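[1] Below: sequence and its predicted model.
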Amino acid sequence: MDKRSLIKAMAATPLAWGMQKAGAQTAAPFRIGLLAPMTGPFASTGKQMEAGARLYMAMYGSTIAGRKIELILKDDTGVPDITKRLAQEMVVNDKVDVLAGFGLTPLALAAAPIATQSKTPMINMLAATASVIEASPYMVRVSMTLPQVTIGVAGWAAKNGIRKVVTLVSDYGPGLDAERTFRERFAFNGGQVLESLRVPLRSPDFAPFLQKVRDLSPDALFVFVPSGIGTAVMNQFNERGMAKAGIKLIGTGDVVDDDILNSMGDTALGIVTSYPYSTAHPSAINKKFVDEYKKINKTMRPNAVAVFAFDGMRVIYEALKKTGGQGGGDALLAGMRGQLFESPRGQVYIDPKTRDIVQNIYMRKVERKNGELYNIEMP
C-alpha cells in the first residue's frame with residue numbers, strides 16, 4: 001500500500017467505526033403491545049396487569065440483548081371488538097414484536113386470529129378458559145385455567161363435611177369451565193350439586209340468584225366471578241344472612257381477590273378458596289415482589305393478575321435473550337416454550353407442547369394478619 005492509500009484508509013477508519021457505533025445505538029426498539037381493560041367494570045384487572053408489567057421493567061431494566069424495551073399500553077375497555085381493532089393497529093402501525101394482556105377470554109379470542117396471521121407471539125396474562133390456548137399457535141399462557149384452580153376446592157369441600165352445594169358462576173367460558181369442573185370432581189367424591197346458576201357477565205345482579213340459593217339451603221355456595229367484582233357477591237351474600245343460616249361460601253380465589261379483600265371486612269373471614277397465588281405466599285421471592293410493588297403502587301396490593309403480568313414479562317425478556325436480540329415471531333415463540341422458573345407464586349413451567357402454564361395450586365383461608373385480611377395458605 002502506497003502512502004496516499006494508507007492515509008485514505010486511516011481517514012476512513014474512524015468514520016466506519018462511527019457508523020457501526022451509530023448503527024448499534026439506533027437498533028429498533030423491541031415493542032410489547034399491552035392490551036388491558038383500564039376503564040369499565042374490569043378496570044382493576046387492567047391496573048394490576050399494567051402494574052405487574054411495569055414492575056418487572058423497573059426491577060430488571062428496559063434494555064435486553066441490545067434492544068430497548070418499549071411497553072405500549074392501550075385500553076380495550078373489556079370489549080372484544082375494541083381489542084381486535086387495537087391489536088390490529090398495534091401489529092400494523094406500532095410494529096409490536098409481542099402482543100400481551102387479555103383480561104377476559106372473549107378478548108383473547110378476538111385477538112388470536114391477528115396473532116396467527118402476523119406470526120406475533122401473544123402472551124395471555126389472564127384469560128382462563130381452558131380451550132382458549134387453542135385459538136392461536138402463537139399464544140402462550142402465563143396465568144391459569146379454571147379447571148386447574150377449581151379442582152382443589154371441590155376436593156376440599158367433599159372432605160370437610162360439605163355434602164350439598166349450589167354453584168353460581170359468571171356466564172362465559174371460564175365460568176362454565178369452573179361449573180363443570182366443580183360438579184364433576186364434587187360428585188366423584190360423593191357430593192351433590194343441587195343446582196347450577198349462571199349470572200350475566202356484564203351488569204350482573206346477584207340478588208335473585210342468591211335468594212334462590214337461600215331457599216335451597218345448601219351446605220355451601222361455590223362461586224366463580226371475574227377478578228375484581230367479588231365484593232358485590234360478598235355484600236349481597238351477607239345481606240341475606242346466608243352465613244348465619246349455615247351456608248358457607250367457597251370458590252376460586254377470584255371471589256376474594258387480594259386487591260379488594262380488605263374492603264370486604266370481617267364478613268370475608270373464614271372463606272376457603274383455591275388459587276395459584278396469594279399476597280401472603282411465604283417465599284423470599286414473593287416478599288421481595290410485594291415490597292417492590294408497594295414502593296411503586298402506594299394504594300394497591302398486588303394480586304394474581306399482577307404476578308401473571310410480571311411473569312409474562314419475564315417470559316418475553318428471556319425469549320428475547322435466547323434470540324440474541326434478533327426477535328422474530330417463531331424464534332421468540334421457541335424461546336418461550338419450556339421455560340422453567342421461580343415466580344412469586346412458586347415454581348412455574350411453560351409446557352413446550354401445549355404452550356400452557358403448569359403450576360402449584362394452593363388451598364387458602366381468609367384470616368386477619370397484622371391488622372389486615374389475607375388469603376393464608378392452608379397445610
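    On my side now, so go ahead. Residues are numbered from 1 along each chain as shown.
[2] can you give me the strands in the stretch 101-250 of the chain?
    Along the stretch 101-250 of the chain, the stretches classed as strands by DSSP state E, counting those that start in this stretch are 122-124, 139-141, 164-170, 192-199, 220-224, 248-252.
[3] Throw those into JSON lines and include distance to Ser278 and mean pLDDT, thanks.
    Heads up, the C-betas are built off the backbone N, CA and C, glycines and all. Formatted as JSON lines, the strands of the stretch 101-250 of the chain follow (distance: least, Cβ to Cβ, whole Å; pLDDT from 0 to 100):
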{"stretch": "strand 122-124", "distance to Ser278": "21", "mean pLDDT": "98"}
{"stretch": "strand 139-141", "distance to Ser278": "20", "mean pLDDT": "98"}
{"stretch": "strand 164-170", "distance to Ser278": "22", "mean pLDDT": "96"}
{"stretch": "strand 192-199", "distance to Ser278": "25", "mean pLDDT": "96"}
{"stretch": "strand 220-224", "distance to Ser278": "17", "mean pLDDT": "96"}
{"stretch": "strand 248-252", "distance to Ser278": "13", "mean pLDDT": "97"}
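[4] just the ones you listed: most buried one?
    strand 122-124 (a mean of 29; mean count of other Cβ atoms under 10 Å).
[5] That strand: partners in the sheet, and parallel or antiparallel?
    Using DSSP bridges, strand 122-124 pairs in its sheet with strand 98-101 (parallel), strand 139-141 (parallel).
[6] before we move on, the earlier item: mind giving me TSV with the strands of the stretch 101-250 of the chain and columns for distance to Ile64?
    As requested, those are exported to TSV (distance: least, Cβ to Cβ, whole Å):
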stretch	distance to Ile64
strand 122-124	15
strand 139-141	17
strand 164-170	37
strand 192-199	43
strand 220-224	37
strand 248-252	34
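[7] so which of those gets nearest Phe42?
    Phe42 sits nearest to strand 164-170 of all the strands of the stretch 101-250 of the chain, at 11.3 Å, using Cβ to Cβ.
[8] tell me the helices in this structure, going along the chain?
    Assigned by DSSP state H, the helices in the chain fall at 3-25, 43-60, 80-92, 105-118, 146-159, 173-188, 207-216, 230-239, 261-264, 284-296, 304-322, 329-336.
[9] Return the set of buried residues in the shortest one.
    When burial is assessed from 16 or more other Cβ atoms under 10 Å, helix 261-264 yields the following buried residues: 261, 264.
[10] I'd like the average pLDDT over that helix.
    Averaging pLDDT along helix 261-264 gives 91.
[11] Check the helices of the chain for me and report the most buried one.
    Comparing the helices of the chain by mean neighbour count (mean count of other Cβ under 10 Å), helix 304-322 ranks first with a mean of 24.
[12] Could you list every helix and strand that that one packs against?
    Under the contact criterion of 3 or more Cβ pairs under 8 Å, 6 or more residues apart in numbering; DSSP states H and E, helix 304-322 touches strand 30-36, helix 43-60, strand 63-64, strand 98-101, strand 122-124, helix 284-296, helix 329-336, strand 340-343.
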